[in-house]
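In: build me a model from this:
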Amino acid sequence: MGSLVIYTNRTKTRRAAMYGEGVKALPFSGIRILRNFCKLFTQLIMTIVLVRETKYFSFNDLENILIEFSASILAKSDEIEIAWDVSRNCISKLGFDDCVIYYVNDERTHLIQKAAYGPKNPKNYEIHQPLDIELGTGISGNVVLSGVGEIISDTSEDGRYIEDEDNRLSEIAIPIKIGATVIGVIDCEHHERDYFTSQHFKVLSAIASIVAIKINGLRNERENMEKEKQLIKAEKEMLALKAVALRSQMSPHFVFNSLNAIQHFVTTNDKVNTLKYFSIFSKLIRYYLMNFEVEEIGLQTEINMLDWYFKLQQLRYEDKFQFTIHTKELGDLDQVKIPSLILPILMERVVEAAISEDKLGKIDLYLSQQTNLVNIIIKHNISAELSSKWDDNAYVQWMEHIELFNRLKYNELGKPIRIKNTLSSSQSIIELTIPIIE
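Out: A predicted model of the protein is given here:
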């Protein structure tokens, strides 16, 4: 028989019964002897009953209980399964009247009953009239806010007590914590006053810790799986984006017109332009094939690509536009790395917008460098044919590519690619900020 922890107002009587304290020598009167014997016998029976009902576990008992709880909890693969397992075992192994497991909702505003064993669980894995408790309300709701478990010896004297299926006189509420964050509560009740002991508190606290470790592991595993899925999705989207970039620069229409223009120089025996433009075309093809799979590229290489691309487009459109690339405010171009595929997709739309039947198109690129950013301003005229209907929607697809780049990588780094398009009746000014990759 274990020791007895006394929480009621009958302390002196029980201690007298157990240890003989306060028992005076019996008089010789038979009546008084019989009376005191009956009283002592009654107290002894009461003590035996109380000791049996308010059980203190031995070390071996505790060890077995915690081993069984641990093995059972760690075998579960779902947070709800864990809740049901704990609630059932609290009844069968610890002898409580009722056990409810609450989890804090995602918004951290309420406790939600996820499992219960006792009167609230008439059928398997079903809760009769489950409660949602606002944080700060009731004993369990206060435990979430304080992060400290509580034993309520007499719920009738605690105004926070929320009666559920039945009015029980003892309650114990233990927080389930991951780090400093309370994610749930183990809440148990008993019909007797002063039922729960400090040992119950320690046992349930240990169980709550095991639950927290398992749930934390499940959540980390779920988070890692979600990250892996997002990574696979991002890789697919990046490949699709690269394919779009390659198609935009190496479209059959562009390749055909470039080769057709070179063929014109060949048939007219213009060897200088034939060699010049064939060299540019081969360099551009080589650039696209070599950099199709890279995620970053040297700024000097990108400027060279723009120069080649504009020159081929001039050939294609028979010099209907001029272009200038201003790089005076840049540092060592060979050392500056920027995300690939950003500029090539945009330049096709810029050229198409600048081509005009009635006047010479003009494109100006201004590149400057800050500490960890490259600023690019693109100024180009808008043809008369497009001026009445040209708006930001002309760049929607390109802007979607920028958003994809940011979502996949640059938002995480805290250096997103930024764009601003200012439009007038005859000119578009695109301001682009690109992070330098270190």
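In: how is the protein divided into domains?
Out: With domains defined by automatic domain parsing, the chain comprises 11-53, 59-223, 250-435.
In: the longest one spans what distance, first to last residue?
Out: In terms of CA to CA, to the nearest Å, the two terminal residues of domain 250-435 are separated by 26 Å.
In: now do the second one
Out: End-to-end distance of domain 59-223 (CA to CA): 38 Å.
In: count of neighbours near the nearest residue to residue 257 once chain neighbours are set aside?
Out: In this structure, residue 257 finds its nearest non-sequential neighbour in residue 316, 4.5 Å apart by CB to CB, 6 or more residues apart in numbering. Glycine gets a C-beta too; all of them are placed from N, C-alpha and C. By the criterion of other CB atoms under 10 Å, residue 316 has 19 neighbours.
In: now do residue 316 against residue 75, distance only.
Out: Taking CB to CB, to the nearest Å as the measure, residue 316 and residue 75 are separated by 68 Å.
In: which stretches in the stretch 301-438 of the chain count as strands?
Out: Using DSSP state E, counting those that start in this stretch, the strands of the stretch 301-438 of the chain run over 321-329, 337-339, 361-369, 373-381, 418-423, 427-435.
In: export the ones you listed as JSON lines, with columns for mean pLDDT.
Out: Output for the strands of the stretch 301-438 of the chain, formatted as JSON lines (pLDDT from 0 to 100):
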{"stretch": "strand 321-329", "mean pLDDT": "84"}
{"stretch": "strand 337-339", "mean pLDDT": "82"}
{"stretch": "strand 361-369", "mean pLDDT": "88"}
{"stretch": "strand 373-381", "mean pLDDT": "87"}
{"stretch": "strand 418-423", "mean pLDDT": "71"}
{"stretch": "strand 427-435", "mean pLDDT": "83"}
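In: looking at those, which is nearest to residue 106?
Out: Nearest to residue 106 among the strands of the stretch 301-438 of the chain is strand 418-423 (31.6 Å), distances taken as CB to CB.
In: what about the longest helix that the chain contains, distance to the chain center?
Out: Counting by DSSP state H, the longest helix found in the chain is helix 198-249. Offset of helix 198-249 from its chain centre (CA atoms, centre = their mean, to the nearest Å): 7 Å.
In: centre of the chain to the next helix or strand after that helix, how far?
Out: Per DSSP states H and E, the first helix or strand lying C-terminal to helix 198-249 is helix 252-267. Computed by CA atoms, centre = their mean, the chain-centroid distance of helix 252-267 equals 52 Å.
In: mind listing what's buried in the next helix or strand along the chain from helix 252-267?
Out: As assigned by DSSP H and E, the chain's next helix or strand after helix 252-267 is helix 271-291. Across helix 271-291, burial judged by 16 or more other CB atoms under 10 Å covers 274, 277, 280-281, 284, 287-288, 291.
In: would you format the residues you listed as TSV with pLDDT and distance to residue 166 included?
Out: Shown next, in TSV, are the buried residues of helix 271-291 (pLDDT from 0 to 100; distance: CB to CB, whole Å):
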residue	pLDDT	distance to residue 166
274	88	97
277	86	91
280	88	87
281	88	86
284	86	81
287	85	78
288	81	75
291	78	72
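In: now, among those residues, which is nearest to residue 250?
Out: For the buried residues of helix 271-291, the minimum distance to residue 250 (CB to CB) is 5.8 Å, reached by residue 288.
In: so the closest one sits against residue 254, correct?
Out: No - between residue 288 and residue 254 there is no contact under CB atoms under 8 Å: 11.1 Å.
In: what are the boundaries of the helices in the stretch 51-200 of the chain?
Out: Secondary structure of the stretch 51-200 of the chain (DSSP state H, counting those that start in this stretch): helices located at 59-74, 79-94, 138-146, 198-249.
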